[in-house]
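A.B. asks: One predicted model, sequence on top.
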Amino acid sequence: MLLAVAGVIGAPLLTLHAIATHLAGAGENGLPHELRDAAVIALFMFFGASLVPLAHLPRLGLAWARQANVLRTLRRESEPRTTGDGIAFWLFASPGVQFFTAGVVRPRIYASVGSLERLEPSAFRAAILHEREHQRGHHVGWRLALAALEAAFWPVAPIRRAVAAVALECEFAADRAALAAGAERRHLFEAVVAAAGSSSPSVSASLTGTGTLQRLEALASSTEPGNPSKLPLVWLVAGLAALPLAAHGLLWFGLVCL
């Protein structure tokens, strides 16, 4: 997936120099005959389409900057705590049950005072273990990048489904990690139910952010929490990489053959 994201962002930039070189060598007297060739016109259209994902990067940066200010305020108003087994988290004042991980560069775990007061210690620890996997896996950054890519490829239904599948798999992975670290199913189930419907910053990975019903069904059964279909992940990688890589390949093909 890292290669796919790098291809989406990097390939259009790599092709820019090739296009400039092609135009410079085409001559300056009137409209170059190369630009009247249907294949070359199609090639430049592919290049233009490959720039579409880049148009969403400024919006991505603005969203991150706005959330960074919100998180700085939240951190100033929160109290650093640690669980009995040494997991650091930040406790903030809120009567509801809220757990989330926020911060792209340095993700931190946040829990509300209401969570500490209303949940049993075992359920509270299970939720913290879930969030620790979000922290270790840098899921906040992945969610932010996937949201931008989803917006860029919104007309492509398989990409939308694949992004949703990746978000759900992140939650399943966090559930599996919590259970592997010693949390009991019923305690994690109780924490998810208690936190259902709670709000969290948009740029975060929360306990009940995605696939709450599917996760509760998995926790209530004896099956391992997980996404039964990995095909959407293949569609995601293929869809994100295909357009810019095709533009890059076709451009060099056109420079050599036309």
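C.D. replies: Ah, there it is. Numbering: from 1, shown residues only.
A.B. asks: So residue 101: helix, strand or coil?
C.D. replies: strand (DSSP: H, G, I helix; E, B strand; the rest coil).
A.B. asks: And residue 200, by the same measure?
C.D. replies: Per three-state DSSP, residue 200 ends up coil.
A.B. asks: Now do it against residue 186, distance only.
C.D. replies: With the distance defined as Cβ to Cβ, to the nearest Å, residue 200 ends up 24 Å from residue 186. From N, CA and C alone the C-beta is placed, and that goes for glycine too.
A.B. asks: Those two: which is more packed in?
C.D. replies: residue 200 (19 against 13; other Cβ atoms under 10 Å).
A.B. asks: Which parts of the stretch 1-150 of the chain are helices?
C.D. replies: Ranges of helices within the stretch 1-150 of the chain are 2-24, 38-50, 52-55, 57-76, 113-118, 121-136, 139-152, based on DSSP state H, counting those that start in this stretch.
A.B. asks: Can you tell me which of those has the worst average pLDDT?
C.D. replies: Across the helices of the stretch 1-150 of the chain, helix 2-24 has the smallest mean pLDDT, namely a mean of 56.
A.B. asks: Tell me where the stretch 151-258 of the chain has strands.
C.D. replies: Applying DSSP state E, counting those that start in this stretch to the stretch 151-258 of the chain gives strands spanning 204-206.
A.B. asks: Low-confidence regions, the stretch 101-250 of the chain specifically.
C.D. replies: 152, 201-203, 226-250 (pLDDT under 70).
A.B. asks: burial count for residue 69?
C.D. replies: Neighbour tally, residue 69, other Cβ under 10 Å: 9.
A.B. asks: brain fart, residue 139
C.D. replies: When neighbours are counted by other Cβ under 10 Å, residue 139 comes out with 24.
A.B. asks: Then the one 5 residues further on?
C.D. replies: Taking other Cβ under 10 Å as the criterion, the count of residues near residue 144 is 20.
A.B. asks: ditto for residue 75
C.D. replies: Neighbourhood size, residue 75 [other Cβ under 10 Å]: 15.
A.B. asks: Now do the same contact list for residue 194.
C.D. replies: 97, 115, 118-119, 123 (Cβ atoms under 8 Å, 6 or more residues apart in numbering).
A.B. asks: Just the buried ones among these, please.
C.D. replies: 97, 115, 119, 123 (16 or more other Cβ atoms under 10 Å).
A.B. asks: Pull out the buried residues from stretch 86-93.
C.D. replies: 87, 89-92.
A.B. asks: In a markdown table: those, plus distance to residue 206.
C.D. replies: Formatted as a markdown table, those follow (distance: Cβ to Cβ, whole Å):
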| residue | distance to residue 206 |
| --- | --- |
| 87 | 17 |
| 89 | 13 |
| 90 | 14 |
| 91 | 16 |
| 92 | 13 |
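A.B. asks: Tell me which two in these are the farthest apart.
C.D. replies: 87 and 92 (16.3 Å; Cβ to Cβ).
A.B. asks: How much space separates residue 109 from residue 66?
C.D. replies: The separation that residue 109 has from residue 66, given Cβ to Cβ, amounts to 21 Å.
A.B. asks: Pick out whichever of those two has more residues nearby.
C.D. replies: Set residue 109 next to residue 66 and count neighbours by other Cβ under 10 Å: residue 109 wins out with 25 against 13.
A.B. asks: Residue 133 is in contact with that one, correct?
C.D. replies: No: between residue 109 and residue 133 there is no contact under Cβ atoms under 8 Å: 10.3 Å.
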